[in-house]
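Asks: model this:
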Amino acid sequence: MVSALLLAAALTPAPVVVQDPRITESSGLVASPTRPDLVWTVNDSGSSAVVYGVSLRTGRTVATLRLAKTDARDMEAMTATRGADGAGLLWIGDVGDNRAVRASVVLRLVREPVPTASATVRPVSLRVRYPDGPHDVETLIWTPDRRLLLVTKNLFSGVVYEVPAPAVAAAIAGRSTLDPVSAQPVAEVAMSLVTDGAALPDGRIILRGYSGATIYRSPPRAGGEGQALQPLQQVALPAQPQGETLTVVDGGRAVLVGSEGKRQPLQRVELPPAVTAPTTTTGPATTGPATTGPATTGPSPATTGPSAAPRAMNPAPGPRRPLLALATIAVALVAG
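Replies: Below is the predicted model:
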């Protein structure tokens, strides 16, 4: 047993530490859809409209994308896919609204530069509103059946909204939507303060909060009856100062999670196998090369570590984790 634990520890990849001193409030994170050694991130409110490309090998910034003629208010989320031509497409969600005062929010779409290099890019904009009024949101998810979802950050639960498909298709085709379109609620999640999330390859989604993550069934499509989304399994996350980011890697075998703050590590967490047979997405089969993340991120997906162990639903918490979670939530609410 001791030998097995030592071997697992030796095989566990060390977390890469973000080196760029400009990245102090990383609130959106997404794995590059075209490069397995690259992630993209953004700072939140008060920061300029810049997307940082960070190497998973060194932690150093290898590219910055400056969004031309963009007034960023509170960029809190990212997701990504590939276009019909195979190019990487990065969605940036300027969706934060701590005081619930924004009549509409903006999703911006840019193409990944090839080769990876710093550039000033002009984003395509998609303006969105919620039919029941403003919401604070930090989660933007691209699904395998080509839907764009938003998840609200509420104290006791969250609501999953779907962005209208025609507006999403227009953005991918390079056309902005400046008159706000109404995102439609499709499901609720019994999760407090959702800070990020992503889709798994079979359509299930994983959402994180400040102290843990939960895997849920695939959300239904807009137009159906709103329902509570079934949780499938909880996933323990490592303790972090203010954990706000998550992205799926290795074809759904693991996630990377990060925190606000300077020189924060991106920590790998292995995911458990499906607790039920993989769900089928409710829409048509995905065509083309659309993905939720790269196929690999370097080290073997078989590597695991003690901090990455999954846990079953309703586990007995460790003695310090509840207090740490409450403290983190209090700090986040004060900081906004």
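
Asks: low pLDDT regions in the stretch 101-250 of the chain?
Replies: Within the stretch 101-250 of the chain, the stretches with pLDDT under 70 are 224-226.

Asks: in it, which spans are strands?
Replies: Counting by DSSP state E, counting those that start in this stretch, the stretch 101-250 of the chain has these strands, from start to end: 105-111, 119-121, 124-129, 137-142, 148-152, 158-162, 177-182, 184-189, 196-199, 205-208, 212-216, 227-228, 231-236, 243-249.

Asks: winner for burial among those?
Replies: Mean neighbour counts were compared across the strands of the stretch 101-250 of the chain using mean count of other C-beta atoms under 10 Å; the top stretch is strand 196-199, at a mean of 29. From N, CA and C alone the C-beta is placed, and that goes for glycine too.

Asks: and it, C-alpha only, in PDB?
Replies: The C-alpha trace of strand 196-199 is given here as PDB (Å, rounded to 0.1, in the frame of the first residue of the first chain):
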ATOM      1  CA  ASP A 196     -17.300  28.200 -13.200                       C
ATOM      2  CA  GLY A 197     -18.200  25.200 -15.200                       C
ATOM      3  CA  ALA A 198     -17.600  23.200 -18.400                       C
ATOM      4  CA  ALA A 199     -19.200  20.400 -20.400                       C
END
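
Asks: now do it: everything it contacts.
Replies: 28-30, 77, 79, 138-139, 141-144, 151, 205-208, 244-248, 255, 292-293 (C-beta atoms under 8 Å, 6 or more residues apart in numbering).

Asks: strands paired with it, and their directions?
Replies: In the sheet, strand 196-199 lines up against strand 205-208 (antiparallel) (DSSP bridges).

Asks: for S218, see how far away the nearest residue to D37 once chain neighbours are set aside is.
Replies: The shortest distance from D37 to any non-neighbouring residue, by C-beta to C-beta, 6 or more residues apart in numbering, is to L56 (4.9 Å). To S218, L56 is 28 Å away according to C-beta to C-beta, to the nearest Å.

Asks: same check, this time on V235
Replies: Distance of V235 to S218, given as C-beta to C-beta: 17 Å.

Asks: same question for D97.
Replies: 26 Å.

Asks: and W91, by the same measure?
Replies: Distance, W91 to S218, using C-beta to C-beta: 19 Å.

Asks: go on, R268?
Replies: For R268, the distance to S218 (C-beta to C-beta) stands at 24 Å.

Asks: does R66 touch A119 like I think?
Replies: Yes - using C-beta atoms under 8 Å, R66 is in contact with A119, at 7.5 Å.

Asks: got the end-to-end distance for stretch 190-210?
Replies: With C-alpha to C-alpha, to the nearest Å as the measure, stretch 190-210 spans 14 Å from end to end.

Asks: returning to what we had before: more neighbours: R268 and S218, which one.
Replies: Taking neighbours as other C-beta atoms under 10 Å, R268 and S218 compare with R268 leading, 28 against 24.

Asks: wasn't the more buried one part of a strand?
Replies: Yes - according to DSSP: H, G, I helix; E, B strand; the rest coil, R268 belongs to a strand.

Asks: bridged to it, which residues?
Replies: R268 has these beta-bridge partners by DSSP bridges: L256.

Asks: cool, and V51?
Replies: L65.

Asks: and the pLDDT at it?
Replies: According to the prediction, V51 has pLDDT 98.

Asks: I'd guessed it sits against A72; true?
Replies: No - at 10.3 Å, V51 does not count as touching A72 under the criterion of C-beta under 8 Å.

Asks: when these two are compared, which one has more neighbours?
Replies: More neighbours surround V51 than the other of V51 and A72, with 24 against 20 (other C-beta under 10 Å).

Asks: ok, the more buried one - contacts?
Replies: Per C-beta under 8 Å, 6+ apart, neighbours of V51: W40, T41, V42, T64, L65, L67, M78, L90, I92, V110.

Asks: give me that answer again for 10 Å
Replies: Neighbouring residues of V51 by C-beta atoms under 10 Å, 6 or more residues apart in numbering: 28, 30, 40-43, 63-67, 75, 78, 90, 92, 108, 110, 112, 121, 123.
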